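Student: test case, fold it:
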Amino acid sequence: MKQSINQSLDMLSYKKHAENTARYSSVLMLHLSKENPEITLNYQKSTILAAKWHDVGKSQIPASIVFNARRLSQNEFNLMKTHPLRGVECFKNTDTQYDTATQKIIIYATL
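Tutor: The predicted structure is shown next:
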């Protein structure tokens, strides 16, 4: 029961993290677009969408690794590093509209 409650709290924390990341991205894109005409409205929207989705691939990784308080083993860490690509795969399988810019922004997190 305690683990279930902790995982629920972690999921709420994840949601807040995704919302904050999108909010920060929105402010950053607005600021940068004033001096960079190549940052179009569509690019801004793609960035904000990618910010919301950037960690969704963690849902494809065992909770025992994602919600782990101890230092990860090298294998666990390598598995965690795959979460952006896993997120792109999740994203592709939804009805949510996205474009290649959004996909590239999500994948960028793996670099």
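Student: could you pull up the contacting residues of residue 48?
Tutor: By C-beta atoms under 8 Å, 6 or more residues apart in numbering, the residues touching residue 48 are 22, 25, 26, 29. For glycine as for every other residue, the C-beta is placed from the backbone atoms N, C-alpha and C.
Student: that one: which element?
Tutor: helix 41-53 (DSSP states H and E).
Student: tell me the first helix or strand C-terminal of that helix.
Tutor: helix 63-66.
Student: would you list the phi and psi of the spatially most central residue of the chain?
Tutor: Closest residue to the average C-alpha location of the chain: residue 54 at 1.4 Å, with C-alpha atoms, centre = their mean. Per-residue torsions, residue 54: phi -60, psi -20 (degrees, to the nearest 10).
Student: pretty sure it contacts residue 87?
Tutor: Yes - counting by C-beta atoms under 8 Å, residue 54 does reach residue 87; the two are 6.7 Å apart.
Student: that older thread, now the helix holding residue 48: mean pLDDT?
Tutor: Average pLDDT, helix 41-53: 83.
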